[in-house]
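Student: Give the three-dimensional model of this entry:
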Amino acid sequence: MRKRTQGREFTLQILYQYEINPQEFKPLLRSFWQEHSEASEEIRHFTEALVEGTLAHREELDQVIGQYAENWELHRMASVDRNILRFATFELLFREDIPPKVTINEAVDIAKKYSNEDSGKFVNGVLDKINHSEKARKTDPHSAPAPDNLGEG
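Tutor: Sure thing, here's the model as predicted:
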């Protein structure tokens, strides 16, 4: 498995865990890495950048996703799908180093693997609309501080 693919899968797992069982972020992250000690420093760095950026911009990401997920309210989406859309939207809007096509393809593959075939189509449709309609933000994704405890997951 490619390093960034594994990092995105770890990102989904961390975001899902954080949403399902809200708790302090840093201990959750430490515990996650203890369970995945085989992960290289490069994978950890990429994963943490995606997780922290997604959480730091979650309100804006949720608004964008809600705008393009026609006939879907964010809270009614499957948690896996919602969190894939969040980190992939973060990549599309804030990570100029990742081509949009790569972001969308990876998100679709992860949705198919962790959710179902229909989720892959749903994720693809929403991300494609976002990619063609939204402008990239200039915020540095690495400048966002790591959350200590962001409250509700």
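
Student: Low-confidence stretches in this protein?
Tutor: For the chain, applying pLDDT under 70 flags the ranges 138-153.

Student: what are the ranges of the strands in it?
Tutor: Using DSSP state E, the chain contains no strands.

Student: Quick check, central residue of it?
Tutor: Closest residue to the average C-alpha location of the chain: residue 87 at 1.8 Å, with C-alpha atoms, centre = their mean.

Student: how close does that one get to residue 71?
Tutor: 23 Å (C-beta to C-beta, to the nearest Å). The C-beta positions use only the backbone N, C-alpha and C, and glycine is treated the same way.

Student: now do residue 101
Tutor: In this view, residue 101 and residue 71 are 26 Å apart by C-beta to C-beta.

Student: do residue 8 as well
Tutor: 27 Å.

Student: who's more crowded, these two?
Tutor: Shown here are residue 8 and residue 71; by other C-beta atoms under 10 Å, residue 8 has more neighbours (24 against 5).

Student: The residue nearest to that one when sequence neighbours are not counted: what's it in contact with?
Tutor: Excluding the flanking residues, the one nearest residue 8 by C-beta to C-beta, 6 or more residues apart in numbering is residue 106, at 5.5 Å. By C-beta atoms under 8 Å, 6 or more residues apart in numbering, the residues touching residue 106 are 4, 5, 8, 88.
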